[in-house]
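Asks: need the 3D shape of this:
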Amino acid sequence: MSNGIIRSHGFTNETLGWSAWLDVVTLDQATPEQIAVLEESHPKAKVSDYYLFLVHQPEILRQRSTAFNAIMYAPGGMSRAERELGATVVSRINGCVYCASVHAQRFEQLAKRNDVITQVFDDPHTAGTTPREQAIARFSIALTAAPDQVSTDSMRALKDAGLDETEILDLIHSVAIFAWANRLMLNLGEPVFPQQQPVAP
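Replies: Now for the predicted structure:
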């Protein structure tokens, strides 16, 4: 098991900021509906450029937050940590440094380790500390890179690794919503890195 800061191929598990390229909604000019949607979306939405931009269309943000929270946090099915692993793999494949950092941290908080995150950042195609993690990573890559090529063999590989139907559905939902989340992040702004400090080998 590894711990601490990871930096590999431009990805990191450090806490990053994010800056919008376009004008965000300022709180002093927000409508009551926009304020309400921000308050129900995320605890830090009122200070996040991401949410302050998306709230230009408050009803879409409301629906996005409802779907996202249900997919990533609903009880039952695939474990929260494994959903975060899938999200991190997708974000790595799509090149979304910000999303990868957030969901790498969430995996670490839930799983109490980051060995597989190091592997995902180094080479997601070979990542996984167990056959189950390897199957999750490979499927997440396949569904992200070539969704038209996912087949019954893809499902069989997940079943062989121990995933049941509900867990497979949870994985597909988490991979699919990050096709959306990554594209919003990648096309509306950019990550803001902390001051880089040397990391001990």
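Asks: hey, C-alpha coordinates of stretch 130-140 in CSV?
Replies: Provided in CSV are the C-alpha atoms of stretch 130-140 (Å, rounded to 0.1, in the frame of the first residue of the first chain):
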residue,chain,number,x,y,z
THR,A,130,-6.7,-7.5,-7.8
PRO,A,131,-8.5,-9.3,-10.7
ARG,A,132,-11.7,-7.4,-9.8
GLU,A,133,-9.9,-4.0,-10.0
GLN,A,134,-8.3,-5.0,-13.2
ALA,A,135,-11.7,-5.9,-14.7
ILE,A,136,-13.2,-2.6,-13.5
ALA,A,137,-10.3,-0.6,-15.0
ARG,A,138,-10.4,-2.5,-18.4
PHE,A,139,-14.1,-2.1,-18.7
SER,A,140,-14.0,1.6,-17.8
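Asks: list the buried ones in it?
Replies: By 16 or more other CB atoms under 10 Å, the buried positions in stretch 130-140 come out as R132, E133, Q134, A135, I136, A137, R138, F139, S140. Heads up, the C-betas are built off the backbone N, CA and C, glycines and all.
Asks: equivalent analysis for stretch 110-118, please.
Replies: Buried, per 16+ other CB under 10 Å, within stretch 110-118: A111, N114, D115, V116, I117, T118.
Asks: off-centre distance for it?
Replies: 14 Å (CA atoms, centre = their mean, to the nearest Å).
Asks: quick one: average pLDDT of that stretch?
Replies: Stretch 110-118 carries an average pLDDT of 97.
Asks: the most centrally placed residue in the chain: what's it in contact with?
Replies: In the chain, the centroid-proximal residue (CA atoms, centre = their mean) is A87; its distance is 3.9 Å. When the contact criterion is CB atoms under 8 Å, 6 or more residues apart in numbering, the partners of A87 are M72, C99, H103, S174, V175, F178.
Asks: can you pull the pLDDT of A67?
Replies: 96.
Asks: can you pull out the helices in this structure?
Replies: Using DSSP state H, the helices of the chain run over residues 32-41, 49-54, 58-73, 80-94, 97-111, 115-122, 131-145, 152-160, 165-188.
Asks: now for those helices, which one comes closest to L16?
Replies: Nearest of the helices of the chain to L16, taken as CB to CB: helix 97-111 at 4.9 Å.
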